[in-house]
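>>> Task: produce atomic coordinates for the following.
(chains A and B)
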Amino acid sequence: METLAQIKARIEAAVAGAVVEMVPNDSPSGQHSLWVDNSHAVAVAQFLREDPELRFDFCSNVTGVDWPETERTEKVKTTRLVDGVETSVEEIRKTKRPGFLEVVYHLYSVALKHGPLILRLRTENRSDQVQVPSLTPVWRGCEFQEREVFDLFGVVFTGHPDLRRILMWDEFTDHPMRKDYVEPDDYEYEPTPHDEVLVKARRSGRGEAGT
Amino acid sequence: MMETALRSELRKQGIFLTTLEELYNWGRKNSVWPLGFGLACCAIEMIAASMARWDLARFGAEVFRPSPRQADLMVVAGTVTKKMAPQVVRLYNQMAEPKYVIAMGACAISGGPFKQGYNVLKGIDRYLPVDVHIPGCPPRPEALLHAFMTLQQKIAAQPLTGPHRPRHLIAAAPSEYPIPEFGAHDLVPPNNPEIWQPPSITPAA
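Take a look at the predicted model:
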């Protein structure tokens, strides 16, 4: 398989106007991925499947990632005039990164026996603009997995043929895999509570064994 | 009433005496027909228990019925998801009395490894009166056979009159249980308070 940079260059050459970005992975696996902008995602997917050198004919996995809004504090050294003398002062700067939802596709080529290529799509935010284009028209196998991402993360796939909940019931209103999901308060008893369950055990008063 | 010791002594001498109660319970306990349904991997063990190696037919329970109308025993074999729970209760309600429930496996009795999850019921005994619980993940067929024998002993020990008579002989006893509704965050109600209460570990004062 070509390197990710080569694939990125080929996508940009083939699909006019497509914005593709490398998303590096610092972990030991070093499995870098490509982020594609939403308006060109279907065309890019079509290209990845059709191109004779790539032929990613199999989408093995679709999953979601929830990125809540994060605040990063940095210490920055700046020079400032203090009493007419230039001195370097340390300033704490806070930068906010707005939250978004991400959909990750793992693509393989059965015909050319290579892969995976990891494709990422991102929503605008986590509340009202949660649309990404569905890739089910390109890879039929994405249908159920996109429904799962819709069910558990609340990503709305535009162009999906049958976007319904798949694991939870239709009347359910939450998205359980989001970081801010609050599960029903139904703690009963646990013989060895720990971490969050321990907090629940203490709160419920039905608590810990042996207390 | 004849004493059990005298009865067994007479049987050794070739004299068979019995009571209507004993005959009735003997018939009941040896024709427990299970409902043929499984929810997860425990069902594979249940199927294995019904095949030649373990041979559930020895207990008169080999006739897995495809209809709840013909079944006496519900083996809840596997994980009960919250989405499936109303259907399980509905199937139980459609069974004719007398009927029994065996909760098979860690999931069916407590939610098992999925207990803290958002989509799994923390034990079917929240909605149904369970007669025998089997732990295990999954329980071996021997464990299911043991549960059958436990159920048979339970049936054989039931008096036909008095306050401890079986439920199907008490006109006022419920035969159907409320089916939970799908709510916005959880099943409504999350359990049937008439048959199940959260366990309390604080000693009674």
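>>> What is the neighbour count of residue 98?
Just going to use chain A. Number of residues near residue A:98 (other Cβ atoms under 10 Å in any protein chain shown) recorded here: 11. Yep, even glycine has a C-beta here, placed from its N, CA and C like the rest.
>>> that's the wrong chain, I wanted chain B
Count around residue B:98 with other Cβ under 10 Å applied: 16.
>>> Can you classify it by secondary structure?
For residue B:98, the assignment made with DSSP: H, G, I helix; E, B strand; the rest coil gives coil.
>>> For it, give me the pLDDT.
Per-residue pLDDT puts residue B:98 at 89.
>>> Phi first, then psi, for it.
phi -80, psi 140 (degrees, to the nearest 10).
>>> wait, doesn't it sit right on residue B:168?
Yes. Counting by Cβ atoms under 8 Å, residue B:98 touches residue B:168, with 4.1 Å between them.
>>> residue ranges with poor pLDDT in chain B?
Residue ranges of chain B with pLDDT under 70: B:1-2, B:200-205.
>>> and it, which of its residues are near chain A?
B:82-83, B:116, B:118-119, B:122, B:182-186, B:190, B:198-202 (Cβ under 8 Å from any Cβ of the partner chain).
>>> Selection in ChimeraX covering whichever of those are buried, please.
In ChimeraX, this line selects whichever of the residues of chain B next to chain A come out buried by 16 or more other Cβ atoms under 10 Å in any protein chain shown:
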select /B:82,83,118,119,122,182,183,186,190
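>>> And the helices in the chain?
Defaulting to chain A. Along chain A, counting by DSSP state H, helices occupy A:4-14, A:41-50, A:142-153, A:195-204.
>>> My question was about chain B, not that one.
B:4-12, B:20-29, B:42-50, B:85-94, B:105-110, B:141-156.
>>> can I get these in CSV with mean neighbour count?
Output for the helices of chain B, formatted as CSV (neighbours: other Cβ atoms under 10 Å in any protein chain shown):
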stretch, mean neighbour count
helix B:4-12, 11
helix B:20-29, 15
helix B:42-50, 21
helix B:85-94, 18
helix B:105-110, 25
helix B:141-156, 18
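>>> okay, the ones you listed in a markdown table with distance to residue A:100 next?
As requested, the helices of chain B are arranged in a markdown table below (distance: least, Cβ to Cβ, whole Å):
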| stretch | distance to residue A:100 |
| --- | --- |
| helix B:4-12 | 74 |
| helix B:20-29 | 62 |
| helix B:42-50 | 41 |
| helix B:85-94 | 35 |
| helix B:105-110 | 35 |
| helix B:141-156 | 49 |
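>>> and of these, who's closest to residue A:21?
helix B:105-110 (43.3 Å; Cβ to Cβ).
>>> Just to check, residue B:45 is in contact with residue B:142?
No. Taking contacts as Cβ under 8 Å, residue B:45 lies outside contact range of residue B:142: 9.7 Å.
>>> Identify the bridge partners of the residue nearest the centre of chain A.
Centroid-nearest residue in chain A: residue A:102, 2.5 Å away (criterion: Cα atoms, centre = their mean). Under the criterion DSSP bridges, residue A:102 forms beta bridges with residue A:65, residue A:122.
>>> and it, how far is that from chain B?
21 Å (Cβ to the nearest Cβ, to the nearest Å).
>>> mind checking pLDDT for that residue?
On the pLDDT scale, residue A:102 is placed at 94.
>>> cool, the one 4 residues further on as well?
You'll see residue A:106 listed with a pLDDT of 95.
>>> Identify the residue spatially nearest to it, adjacent ones excluded.
Once flanking residues are discounted, residue A:106 sits nearest to residue A:61: 4.1 Å by Cβ to Cβ, 6 or more residues apart in numbering or on different chains.
>>> Show the contacting residues for the most centrally placed residue in chain B.
Nearest to the geometric centre of chain B sits residue B:101, at 1.8 Å (Cα atoms, centre = their mean). Neighbouring residues of residue B:101 by Cβ atoms under 8 Å, 6 or more residues apart in numbering or on different chains: B:73, B:74, B:76, B:92, B:124, B:128, B:129, B:130, B:131, B:132.
>>> and of these, the nearest to chain A?
residue B:124 (14.6 Å; Cβ to the nearest Cβ).
>>> ok, back up a step: quick check, the residue nearest to residue A:106 in contact with residue A:108.
No. Contact criterion Cβ under 8 Å: residue A:61 and residue A:108 do not qualify, at 9.4 Å.
>>> So for those two, which sits in the more crowded spot?
Neighbour count, other Cβ under 10 Å: between residue A:61 and residue A:108, residue A:108 has more, with 19 against 14.
>>> any idea how far residue A:121 is from the nearest residue to the more buried one once chain neighbours are set aside?
Take residue A:108 and drop its neighbours on the chain: the residue closest to it by Cβ to Cβ, 6+ apart is residue A:115, 3.2 Å away. Noted for residue A:115: a distance of 18 Å to residue A:121, by Cβ to Cβ, to the nearest Å.
>>> So which of the two has more stuff around it?
Using other Cβ under 10 Å as the criterion, residue A:115 and residue A:121 rank with residue A:121 on top: 25 against 18.
>>> for that one, what are its contacts?
The contact partners of residue A:121, taken as Cβ under 8 Å, 6+ apart, are A:35, A:36, A:38, A:41, A:102, A:103, A:105, A:132, A:133.
>>> go with 6 Å
Residue A:121 makes contacts with A:41, A:103, A:132, as judged by Cβ atoms under 6 Å, 6 or more residues apart in numbering or on different chains.
>>> cool, and residue A:57?
Contact analysis of residue A:57 by Cβ under 6 Å, 6+ apart lists A:109, A:110, A:111.
>>> 7 Å instead, please
A:49, A:109, A:110, A:111 (Cβ atoms under 7 Å, 6 or more residues apart in numbering or on different chains).
>>> can you count the residues close to the nearest residue to the last one once chain neighbours are set aside?
What that stands for is residue A:111. Distance criterion Cβ to Cβ, 6+ apart; nearest residue to residue A:111, sequence neighbours excluded, is residue A:55 at 5.0 Å. Residue A:55 has 16 neighbours, counted by other Cβ under 10 Å.
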